[in-house]
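Chemist: Predicted model and sequence below, questions to follow.
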Amino acid sequence: MTHNLKIRPAYFAAIKSGVKRFEYRDNDRDYNAGDTLRLREYDTGEELSVTVDYILKDTDMPPRIITKGYCIMSVSLPPCGVCGAALIRYETMDDLGADGEPWISSAIRAKYCPNCGRKLEGGESE
C-alpha cells in the first residue's frame, strides 16, 4: 500500500540524504512492513518514496516508550535502478575505504551507486 504523507523540510532532507532511516508517525493508517511512503516536502512539494522495512507499534512496547496510537517505522531508499544494490549515502567514489566499504557521514548526499558506480539522480557533480 502507498501512503501519501507531508513532511517537514529538515526531516525530508535527512531522509533523502540517508541520514534519517526512520519515521515516527501517528499510526492512523495502519502502516505495515512493505508499504511505500510517498513523502512530500512542505515547502517545495518535492517528493521521495521510501519503503517501510520494519514497524514497531505502540502495542509492541510499554506506553512510556511509544505513545499510544503511534509507531516507529524503519525506512529505506529505493535501490539503484541499474544494478538493484541498496543505496548507501556517501559523497564520492573516493570516499570508499580500503575494504571497499563507504565512509559514512551524517551530512552528505550520495553521488554514485556503491555497487555499479552509476551517478545517482540529484547527486552533485564535482
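Modeler: Yep, it's here.
Chemist: hey, let's count contacts and neighbours off CA atoms from now on
Modeler: Noted.
Chemist: three-state assignment of Leu48?
Modeler: Assigned with DSSP: H, G, I helix; E, B strand; the rest coil, Leu48 falls in the strand class.
Chemist: Tell me how far it lies from Lys57.
Modeler: Taking CA to CA, to the nearest Å as the measure, Leu48 falls 23 Å from Lys57.
Chemist: Equivalent analysis for Leu5, please.
Modeler: Leu5 is 18 Å from Lys57, by CA to CA.
Chemist: which residues does the residue lying closest to Ile15 once chain neighbours are set aside contact?
Modeler: If the residues on either side of it in the chain are set aside, Ile15 comes closest to Arg21, at 6.2 Å by CA to CA, 6 or more residues apart in numbering. Listed by CA atoms under 8 Å, 6 or more residues apart in numbering, the contact partners of Arg21 are Ile15, Ser74, Val75, Ser76.
Chemist: hang on, the earlier thing: which of Leu5 and Lys57 has more neighbours?
Modeler: Lys57 (22 against 13; other CA atoms under 10 Å).
Chemist: Setting the sequence-adjacent residues aside, check what's closest to the more buried one.
Modeler: Nearest to Lys57 is Cys71, by CA to CA, 6+ apart, at 4.4 Å.
Chemist: bridging residues for the one you found?
Modeler: Taking DSSP bridges as the rule, Cys71 bridges to Arg25, Lys57.
Chemist: The residue lying closest to Phe22 once chain neighbours are set aside: neighbour count?
Modeler: Counting by CA to CA, 6+ apart, Ser74 is the residue found nearest to Phe22 once chain neighbours are left out, at 4.4 Å. Neighbourhood size, Ser74 [other CA under 10 Å]: 18.
Chemist: cool, Arg8 as well?
Modeler: Neighbour count of Arg8, defined by other CA under 10 Å: 12.
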